[in-house]
Each structure stands twice: as C-alpha cells, then as structure tokens.
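Asks: only geometry, no sequence info:
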C-alpha cells in the first residue's frame, strides 16, 4: 500500500532570535526523520523575523544534508528572500515546486 506523502514542516508566524533555538530544537529531528529524500519546509506563515530565521533554515538544510536529504523551502516571504540574497545565501535555500 503506498504511503501518503508527509506534510511539510512548518515555520512559526514569528521567528526571531527569541524563538530560533526552540524552533530549531523542534525542527532538527523532524528533518532527519522526514520520509523521502526531499524535506519541504513551509515558511509561508512567517510574518515577523530577523536574520535568525535564515540561521534556522540553514541549520535545517545542514541537518537534511547530514541525513542524506535535500531541504526545499515553500512560501519564503519576500523579505526573507531579500535578506537571503543580501547575505549571499539565497542559493542555499532552494524553493519547493
């Protein structure tokens, strides 16, 4: 019987330095245990953020690579896209789709 595809991992509405540690502690094991080779992370709910949001996404990418998987970001808000481009890490956060 085919297994239903798993839902994307979700980022919270607010992801600043205050939430980053807890968010990463929650997401890292989910990334490693995610079924399949591509781990989708839904960032569409993120409204309040700082550079810590990028740090969380990059740490999730690193966890995915360590598990032999690829991270794919869904719905990255324009502000986070701009910040990633400014810091030169936009190429490290591939879009899902």
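Replies: Yep, that arrived. Given the structure is predicted, the values throughout are model-derived calculations rather than measurements.

Asks: from here on, just use CA atoms for contacts and neighbour counts.
Replies: Noted.

Asks: now do the helices in the chain.
Replies: 17-33, 51-66, 78-87 (DSSP state H).

Asks: single out the most deeply packed of those.
Replies: The highest mean neighbour count among the helices of the chain belongs to helix 51-66 (a mean of 19), with neighbours defined as mean count of other C-alpha atoms under 10 Å.

Asks: contact partners of that one?
Replies: Contacts of helix 51-66 with the rest of the structure, by C-alpha atoms under 8 Å, 6 or more residues apart in numbering, involve 15-17, 20, 23-24, 27-28, 31-32, 39, 70-71, 80, 83-84, 92-93.

Asks: ok, 6 Å please
Replies: Around helix 51-66, the neighbours that count as contacts under C-alpha atoms under 6 Å, 6 or more residues apart in numbering are 15-17, 24, 28, 31, 70-71.

Asks: quick check, nearest of those residues to residue 48?
Replies: When those are ranked by distance to residue 48 (C-alpha to C-alpha), residue 15 comes first, at 6.2 Å.

Asks: hmm, residue 49 and that closest one touching each other?
Replies: Yes - taking contacts as C-alpha atoms under 6 Å, residue 15 lies within contact range of residue 49: 4.8 Å.

Asks: which one of the two is surrounded by more residues?
Replies: Each of residue 15 and residue 49 had its neighbours counted (other C-alpha atoms under 10 Å), and the higher figure belongs to residue 15 (24 against 20).

Asks: run through the residues that contact that one.
Replies: With the criterion set at C-alpha under 6 Å, 6+ apart, residue 15 makes contact with 49, 53.

Asks: 3 is where my numbering starts, stick with that
Replies: With the count now opening at 3, the last piece we talked about shows up as residue 17.

Asks: do you know the pLDDT at it?
Replies: At residue 17, the model reports a pLDDT of 97.

Asks: show me where pLDDT drops low in the protein?
Replies: 3-7, 99 (pLDDT under 70).
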